[in-house]
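> I would like the atomic coordinates for the input below:
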Amino acid sequence: MLSEIRDFCIKKWTFKNFGIKEWLISLILLLVVTNILIVFNIPFLRESMAFIYFTTVPGILILHILRLNKTEFLKKMVLGTGVSIAFIIFVGLGLNSLHPLILKPLSLMPVLISFNVILIILTFAAYIRNKDDFNLNDFLNFKINLKGKLISILIFPALFPFMAIFGTHMMNTMENNVILLSMLFLIPLYLISIVFSKDRVHKATYPFALWMISLSLLLMYGLTSNYIMGRDVHNEFHVFKLTLDNLHWNMMDYFNPYNACMSITILPTIYKVLSAVNEHYIFKLFFAVIGSTIPLTVYIVAKKYINEKYAFFAALLFVFQLFFLNSLGAVRQVVATLFFFLAVMIFFSADVDRFSKKFLFLIFIFSLVVSHYTTAYVSFVFIVPILLIPFLKGLFKERKILLTNFDLILISFGFVVLWYILFAYVQFAAGTQVVQTTITAATEDPGNVSAAAAFAASRGDYVLGILGIRLTSVPNAISVIVHNMVLVTILTGIIGLLWKFRYYREKFETEFLAGIALSIILLILFVLLPYISVAYDAARLFFQLLIFLAPVFIIGAITIAKLIKKPKWNVAIILILLISLFSCTTYLQYHFYGMPYSATFDADGIRRGESFIYQSELAGAEWLKDNRLDDLVVYSDSRALFRFNIAGLRTNIDSSLFALNKTVDSGYIYLGNVNIDKNQIYMIYDRISILNLKDFKHLFTGKQRIYDSGGSQVWF
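Numbers count the residues shown, from 1 in each chain. Purely as a prediction, here's the structure:
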């Protein structure tokens, strides 16, 4: 059977008679089919086709217009996805501006009609640009010759997403973690098999395996519970619902930095009206698919400087970050990170002409700015110095003024100013406040510490924890050791770069080396200025820096192998570090130490207790919303806030009852599943403290239970 599949795959498919006209007609016919599925609301097909078509085809058409037909297949697919998402955001923003001419500009018909009209225009433009020179075979540029290669190792990763889907279903319904744990064991074993297979691994295996592993890990987290999970995501979901309920985005509905992020307002609203997918699964499923493409950009960038296998491992360093695994808890940063990485990828692409490179770079920068403010701030720390390098080199080395990238700088800053003046002043104010407080925390006299500076000092304890100075348990100590080993490997890579600078200077552009240097400087500033971690914690920062640092990790492992005089051990060192990191960020070390912690595969996990939302808990929150008298205060522990957010209960909420431990005369006390079943009270700050509900019996004296859903209670 395998030999027959191999023979099928090694055939050289050609499309000599399939020109630009036939190709574009097929895309238009597919658009017609998608329209029919949407209008007639055909189950399953509407959901899948609406998402797939509008997340890929607009970008493909724009790449045709730019005549990037011969760019490598993987890069085209990633670029097409990014451009399509940008298309949805900006067309949606343009439609939104037609209010009140159109009362509900983001409703189905305005969105569908405008998308159809614009896509038809793009199709004609693509035809005109390519009518004399187009070959579908060149565009697909995807030939796999598996002769002498292992097909089994190529197709095996496709199993992982299915295991994630069925495994989370079993955990949600029966609390059975067998499939999920099996998947988490198979992923490291698969990596080992790749290493031992050596030259029998086809190069197409690496990006496909990377995509499947990334998608499965995001699905494992995203599909846990039937509701959104995380912390930031609940405020993200709130601004999404505001836009969806009005079918119009209005900054004044909720003057908050979150509401100025198009990635969580206009983008999911359009996905919702086109696909009719449940609101929670827009965040849990659609954004998981989008997020799974980010590691592919890391792979593409790394592949320019190191071989495919090393680039695969470099990208896995990104995938195995804790923030990536939990990134569906902050989806605005998922979208913004994709745009930032795409901007970096296109900037360093040698196979894209100058005009197309600048055009796509600006599209991704604009999309980044409107997607997430903090990610944009950090990104500009890289972008501006990198863009200025030709000018600085010309000024100091060649004694002449080169304005090579000044158009990109001026247009980018012009857009930023316009965006903040017209729409997102609240984001600019938030960024300014972070800078001011950072300076205050760094310069204020220790004898006269302000509240902000004191808070920064307390958050500095988190930095000490990262450095291994403050440990809380054996599994935590293991995690700190592993993370520090990864950091040491990266720092060794920096030493290796300096050691053989002439050699690496030929492989890396000056701009990429500048990106590496800026990454190290930001990490140092994170330690020296702890308040930075208030606005942008270590996991988020390191997550974003890896577009530059992932190849350095590989260089570090190679350097370590040479230093210990075992140069052939470099892959083994990489593998040990990656598997160790994987086990820590998935919390396997907690599980096998007997300390349930994971939100995904531990029924009694601390994180699951915080994040997993039961329908019975929402029933209690919704009952309070509908039956609360005179808008009285609702008291609870910290974890209940997430249930209230989903239920739309957002006023007069007090989660400090148990922290203050003082009786109240009036108001309601809400208890959720963990409170009732396990007698636990969750106090959630940067870390979770768990108290025993039995120690707070006096708070219920004189109160009666007026509602009980089995998983939630209301006392009054």
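> ok, then the element right after the least confident helix or strand in the chain by mean pLDDT?
Considering only helices and strands, the least confidently modelled element of the chain by mean pLDDT, DSSP states H and E is helix 451-466, at a mean of 46. Per DSSP states H and E, the first helix or strand lying C-terminal to helix 451-466 is helix 474-499.
> show me what contacts Leu217?
When contacts are counted by Cβ atoms under 8 Å, 6 or more residues apart in numbering, Leu217 is found next to Ala164, Val319, Phe324, Leu325, Thr586. The way it works is simple: take the backbone N, C-alpha and C, and place the C-beta from them, glycine included.
> What helix or strand is the spatially most central residue of the chain located in?
Closest to where the C-alpha atoms of the chain average out (Cα atoms, centre = their mean) is Val334, at 2.5 Å. Taking DSSP H and E as the criterion, Val334 maps to helix 331-347.
> so the helix or strand following that helix versus helix 331-347, what angle?
Proceeding C-terminally, helix 331-347 gives way to helix 354-371 as the next helix or strand, assigned by DSSP H and E. The directions of helix 354-371 and helix 331-347 differ by 170 degrees, with axes from the mean of the first three to the mean of the last three Cα atoms, to 10 degrees as the criterion.
> Helix 354-371: how far from the chain's middle?
For helix 354-371, the distance between its averaged C-alpha position and the chain's averaged C-alpha position is 19 Å (Cα atoms, centre = their mean, to the nearest Å).
> packing partners for that helix?
Counting contacts by 3 or more Cβ pairs under 8 Å, 6 or more residues apart in numbering; DSSP states H and E, helix 354-371 is packed against helix 73-96, helix 331-347, helix 373-396, helix 406-422.
> ok, residues contacting stretch 541-548?
For stretch 541-548, with Cβ under 8 Å, 6+ apart as the criterion, the contacting residues are 297-298, 301, 317-318, 321, 323-324, 327, 337, 340-341, 344, 375, 378-379, 382, 512, 515-516, 518-519, 522-523, 526, 532.
> try stretch 600-607
Residues contacting stretch 600-607 (Cβ under 8 Å, 6+ apart): 167-168, 171, 175, 177, 180-181, 184, 220-221, 224, 587, 590-591, 596-599, 608, 678, 688, 690.
> Stretch 497-504 now?
Applying Cβ under 8 Å, 6+ apart, the set of residues contacting stretch 497-504 from outside is Phe508, Leu513, Ile516, Val552, Ile555, Thr559.
> Would you mind listing the buried residues in it?
Residues of stretch 497-504 classed as buried by neighbour count (16 or more other Cβ atoms under 10 Å): Leu497, Tyr504.
> cool, stretch 114-133 as well?
Buried residues in stretch 114-133, counted by 16+ other Cβ under 10 Å: Ser114, Phe115, Leu119, Leu122, Thr123, Ala126, Tyr127, Arg129, Asn130.
> Quick one: mean pLDDT over it.
When pLDDT is averaged along stretch 114-133, the result is 94.
> can I get the CA coordinates of it in CSV?
Coordinates of the C-alpha atoms in stretch 114-133 are reproduced here as CSV (Å, rounded to 0.1, in the frame of the first residue of the first chain):
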residue,chain,number,x,y,z
SER,A,114,-18.4,44.2,-0.7
PHE,A,115,-16.1,41.2,-0.5
ASN,A,116,-17.5,39.8,-3.8
VAL,A,117,-17.1,43.1,-5.6
ILE,A,118,-13.6,43.7,-4.4
LEU,A,119,-12.5,40.1,-5.2
ILE,A,120,-13.9,40.3,-8.7
ILE,A,121,-11.9,43.6,-9.2
LEU,A,122,-8.8,41.9,-7.9
THR,A,123,-9.4,38.9,-10.2
PHE,A,124,-9.5,41.2,-13.3
ALA,A,125,-6.4,43.0,-12.1
ALA,A,126,-4.7,39.6,-11.6
TYR,A,127,-5.7,38.6,-15.1
ILE,A,128,-4.3,41.8,-16.7
ARG,A,129,-1.1,41.5,-14.8
ASN,A,130,-0.5,37.8,-15.7
LYS,A,131,-2.3,37.2,-19.1
ASP,A,132,1.0,37.0,-21.0
ASP,A,133,3.1,35.1,-18.5
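> when you give positions from now on, start the count at 51
Renumbered: residue one is now 51, and that last one reads stretch 164-183.
> one step back: from the contacts of stretch 650-657, list just the buried residues.
In the contacts of stretch 650-657, burial by neighbour count holds for 217-218, 221, 227, 230-231, 234, 270-271, 274, 637, 640-641, 646-649, 658, counting by 16+ other Cβ under 10 Å.
> circling back: any idea which of the helices and strands packed on helix 404-421 scores lowest on pLDDT?
Here the lowest mean pLDDT among the helices and strands packed on helix 404-421 goes to helix 423-446, at a mean of 88.
> Find out how far that helix is from the centre of the chain, if you would.
In terms of Cα atoms, centre = their mean, the centre of helix 423-446 is set 23 Å apart from its chain centre.
> For that helix, which helices and strands make contact with it?
Counting by 3+ Cβ pairs under 8 Å, 6+ apart, helix 423-446 packs on helix 381-397, helix 404-421, helix 456-472, helix 475-493, helix 560-578, helix 588-613.
> in the third one, what's buried?
Within helix 456-472, the residues that qualify as buried by neighbour count (16+ other Cβ under 10 Å) are Leu458, Ile459, Ser462, Val466, Trp469, Tyr470.
> Tell me what angle that helix forms with helix 404-421.
With the same axes, to 10 degrees applied, the angle from helix 456-472 to helix 404-421 works out at 20 degrees.
> what residues does helix 456-472 touch?
Contacts made with helix 456-472 from outside it, assessed by Cβ under 8 Å, 6+ apart, are listed as 408, 411-412, 415-416, 419-420, 426, 433-434, 437-438, 441, 477-478.
> again, 7 Å this time
Helix 456-472 is touched from outside by Lys408, Phe411, Leu412, Ile415, Phe416, Val419, Val420, Val434, Leu437, Gln477, Phe478, with contacts defined as Cβ atoms under 7 Å, 6 or more residues apart in numbering.
> got it, and stretch 132-139?
For stretch 132-139, the external contacting residues (Cβ under 7 Å, 6+ apart) are 104-109, 112-113, 312, 316-317, 320, 340, 385, 388-389, 392, 413-414, 417, 420.
> Please save the CA atoms from that stretch in CSV.
These are the backbone C-alpha positions of stretch 132-139, laid out as CSV (Å, rounded to 0.1, in the frame of the first residue of the first chain):
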residue,chain,number,x,y,z
GLY,A,132,-1.4,37.1,6.1
VAL,A,133,-2.5,39.3,3.3
SER,A,134,-6.0,37.8,3.4
ILE,A,135,-6.4,38.5,7.1
ALA,A,136,-5.2,42.1,6.4
PHE,A,137,-7.8,42.3,3.6
ILE,A,138,-10.6,41.2,6.0
ILE,A,139,-9.5,43.8,8.6
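> Now stretch 201-216: average pLDDT?
Mean pLDDT, taken over the full extent of stretch 201-216, equals 96.
> and it, how far out from the chain's middle?
On the basis of Cα atoms, centre = their mean, stretch 201-216 sits 22 Å off its chain's mean C-alpha point.
> picking that back up, next step: the buried ones among the contacts of stretch 650-657 restricted to helices.
Judged by DSSP state H, the subset of those located in helices is Gly217, Thr218, Met221, Leu230, Leu231, Leu234, Met270, Tyr271, Tyr640, His641, Arg658.
> And Phe206, how far from Phe258?
To Phe258, Phe206 is 10 Å away according to Cβ to Cβ, to the nearest Å.
> oh sorry, the question was meant for Thr636
When Cβ to Cβ is applied, the distance between Thr636 and Phe258 equals 21 Å.
> Using the three-state scheme, assign Met312.
Taken by DSSP: H, G, I helix; E, B strand; the rest coil, the conformation at Met312 corresponds to coil.
> show me what contacts the closest residue to it other than its chain neighbours?
Beyond its immediate neighbours in the sequence, the residue positioned closest to Met312 (Cβ to Cβ, 6 or more residues apart in numbering) is Val420, lying 4.4 Å away. Under the criterion of Cβ under 7 Å, 6+ apart, the contact partners of Val420 comprise Ile139, Met312, Trp469.
> repeat that with 10 Å
For Val420, the contacting residues are 136, 139-140, 143, 310-313, 315-317, 385-386, 389, 426, 465, 469, 473-474, 477, by Cβ atoms under 10 Å, 6 or more residues apart in numbering.
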